[in-house]
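>>> With the input below, show me the fold.
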Amino acid sequence: MKYYLIAGERSGDLHGSNLIKQLKFKDSRAEFCGFGGDEMESAGMKISQHYSSMAFMGFLEVIKNLGTVKRLLNKCKRDILSYQPDVVILIDYGGFNMKISKFCKRNSVCNFYYISPKVWAWNTKRALKLKRTVDQMFVILPFEVEFFKKFDWQVDYVGNPVLDAVKSHSADVKENTDYVALLPGSRPQELENSLPILKKVVKALKHVNFSLAAVDNVEESLYEDIKSLANVTLIKGHTYDLLASAKAAVVTSGTATLETALWKIPQVVTYATSSISYVIAKSLIKVDYISLVNLITNKPVVKELIQNEFTAKNVILELDSLLNDANYRNDMKI
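Alright, predicted model coming up:
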């Protein structure tokens, strides 16, 4: 069979690569092409477009890059028609992939959605659009099954690939665990928003050692300011090893919050975007939390510092509790 996969960010690239490996195990003659990254390429997919040029975050940022998004959409559509896959597999990345799903339906191309876009968080009626265009939906969060039932749609719950990734990883556990892990995100915009604040935290806590999870899909210069500090070590490409030995973590909202929880590391979750994007999102989002840990448990297990609350002072206060209050730490571990 021929598969065309579309992942538009780092976590999708990881999950897409594991999916490719499993499909190849089932069918050694399977062929893969699509939008993705280094992980999917290593797993055996021909990369038509790297996700590093697609990782826009926030409403304003997407609007500012509409020309690029339109060009990539058109390229993706041409690819699909040219490649003629047996199935297109869409991995998260809702704004882009929902448009591709519609295109596939219009052109009689079978399309599966693996890792649903977060339609349950805002504009829930988008679920009806997905139902009309997606041939089969595979979800990774238990509550998503009940959510889609409200729209008379039976979807398949396949478990969370993050759990499999953590379980299968043999961590290189360090003897020195006296450090705080910093996971500032994998998109340039996330780093631009989070690193200046984290730099203030690091400078204020000179007695604390920090290990920062760096990624190779962004410009190295983004890390210049913070990596020059004496109590910071940059770790690239070994995030799970970094987490496995950490005493606590500061994590940008996203898949990494769940990964950190599965490593049983107490954490504080942060998130900041442009003021305009935040105002728009605030008016649309219908859920009480933004971190996957809190969403899955449906209670405030971890502290969320969002937008104006994401300050160096607030991070330092939360880290003090995470590092020095044993009961507080233990209550957070799941």
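>>> Now do the strands in the stretch 101-250 of the chain.
111-114, 136-139, 156-157, 179-183, 209-214, 232-236, 248-252 (DSSP state E, counting those that start in this stretch).
>>> could you dump these to JSON lines with mean neighbour count?
For every residue, glycine as well, the C-beta is placed using N, CA and C. Below are the strands of the stretch 101-250 of the chain laid out as JSON lines (neighbours: other CB atoms under 10 Å):
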{"stretch": "strand 111-114", "mean neighbour count": "22"}
{"stretch": "strand 136-139", "mean neighbour count": "19"}
{"stretch": "strand 156-157", "mean neighbour count": "14"}
{"stretch": "strand 179-183", "mean neighbour count": "26"}
{"stretch": "strand 209-214", "mean neighbour count": "22"}
{"stretch": "strand 232-236", "mean neighbour count": "15"}
{"stretch": "strand 248-252", "mean neighbour count": "26"}
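>>> Just send those back as TSV, with distance to residue 221 too.
Putting the strands of the stretch 101-250 of the chain into TSV (distance: least, CB to CB, whole Å) gives the following:
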stretch	distance to residue 221
strand 111-114	34
strand 136-139	38
strand 156-157	42
strand 179-183	18
strand 209-214	12
strand 232-236	13
strand 248-252	19
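>>> Just send the ones you listed back as CSV, with mean pLDDT and distance to residue 169 too.
Formatted as CSV, the strands of the stretch 101-250 of the chain follow (pLDDT from 0 to 100; distance: least, CB to CB, whole Å):
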stretch, mean pLDDT, distance to residue 169
strand 111-114, 98, 21
strand 136-139, 97, 23
strand 156-157, 96, 23
strand 179-183, 97, 15
strand 209-214, 96, 14
strand 232-236, 93, 15
strand 248-252, 97, 16
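>>> Any idea which of those strands gets closest to residue 260?
Among the strands of the stretch 101-250 of the chain, strand 248-252 comes nearest to residue 260, with 5.1 Å by CB to CB.
>>> Tell me which of the strands of the stretch 101-250 of the chain sits nearest to residue 172.
In terms of CB to CB, the element of the strands of the stretch 101-250 of the chain nearest to residue 172 is strand 232-236, at 10.8 Å.
>>> Run the chain-centre distance for that closest one.
How far strand 232-236 lies from its chain's middle: 20 Å, per CA atoms, centre = their mean, to the nearest Å.
>>> and if you look at stretch 289-309?
The answer for stretch 289-309 is 15 Å, by CA atoms, centre = their mean.
>>> Now do the buried residues in it.
Counting neighbours by 16 or more other CB atoms under 10 Å, one finds that the buried residues in stretch 289-309 are 289-296, 301-307.
>>> Can you get me the start-to-end distance on it?
Using CA to CA, to the nearest Å, the end-to-end distance of stretch 289-309 comes out at 14 Å.
>>> From residue 292, how far out is the residue of the chain positioned farthest from its centre?
Taking CA atoms, centre = their mean, the residue of the chain most remote from its mean C-alpha position is residue 207, at 31.0 Å. Residue 207 sits at a distance of 31 Å from residue 292 (criterion: CB to CB, to the nearest Å).
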